[in-house]
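got a predicted model here, sequence first, then my questions.
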Amino acid sequence: MSEKGLNSLIPAYKKTFASGEIQKTYQSLVSIVQNLRTDFSKIFENQYTVANVLHGYIDVTYFYLQNDYLKDRKLKFAIVFNHQQAHFELWLLGQTKNVQVSNWKKLKGSKWVTGEVMPKYSIFEIVLLPSPDFENYKKLSKNIHTAFDSVSKEIFKTLEK
């Protein structure tokens, strides 16, 4: 938290919620993620098990995907809507911190693991759709599915090495 006390932050918090726009926007974005989850369940029905939508704090909304290959390696994908950036990401996650660290080291130097510091919650995070068009759900859904399909295949090739 910032150096300010919580009481001094409350007026700005109340002001943000006053118009109702933030609640409406948040609910609409979560609904989009829920619809994407349903689409992923249908499109990748024979390839992945798709978990329910989860909410991070106020910062992310996501769902997991896993297949036998990932499960055997204690890994899973997450399709993540990053609320602060207002874009979609693909995260590769480990079942435990040790699994994440081990895979981060293994993938270091790949196109996805280029930094010196591992992300806090994942092995890596890739922006799937940097500028989503929220007005055209069909196009948005198709773009995310296409990007996921392409990137996940690349990730599997790299993991298999």
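Okay, I see it.

show me where this protein has helices.
6-18, 21-43, 68-72, 97-107, 137-160 (DSSP state H).

how about these in JSON lines, adding mean neighbour count, distance to residue 57 and mean pLDDT?
C-betas here are computed from N, CA, C, even on glycine. Converted to JSON lines, the helices of the chain look like this (neighbours: other Cβ atoms under 10 Å; distance: least, Cβ to Cβ, whole Å; pLDDT from 0 to 100):
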{"stretch": "helix 6-18", "mean neighbour count": "10", "distance to residue 57": "14", "mean pLDDT": "91"}
{"stretch": "helix 21-43", "mean neighbour count": "15", "distance to residue 57": "12", "mean pLDDT": "95"}
{"stretch": "helix 68-72", "mean neighbour count": "13", "distance to residue 57": "25", "mean pLDDT": "96"}
{"stretch": "helix 97-107", "mean neighbour count": "16", "distance to residue 57": "19", "mean pLDDT": "93"}
{"stretch": "helix 137-160", "mean neighbour count": "15", "distance to residue 57": "23", "mean pLDDT": "94"}
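
nearest to residue 89, out of the ones you listed?
helix 137-160 (10.3 Å; Cβ to Cβ).

remind me what the closest one packs against, helices and strands.
helix 21-43, strand 75-82, strand 87-94, strand 124-129 (3 or more Cβ pairs under 8 Å, 6 or more residues apart in numbering; DSSP states H and E).

ok, now with 6 Å
On a contact count with 3 or more Cβ pairs under 6 Å, 6 or more residues apart in numbering; DSSP states H and E, helix 137-160 meets strand 124-129.

what mean pLDDT does the strand it packs on get?
For strand 124-129, the mean per-residue pLDDT is 95.

got the contact list for stretch 99-108?
74, 94, 113, 118, 123 (Cβ atoms under 6 Å, 6 or more residues apart in numbering).

got a markdown table for those residues, with neighbour count too?
Shown next, in a markdown table, are the contacts of stretch 99-108 (neighbours: other Cβ atoms under 10 Å):
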| residue | neighbour count |
| --- | --- |
| 74 | 16 |
| 94 | 19 |
| 113 | 19 |
| 118 | 17 |
| 123 | 23 |
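
pick out the most distant pair among these.
74 and 113 (17.5 Å).
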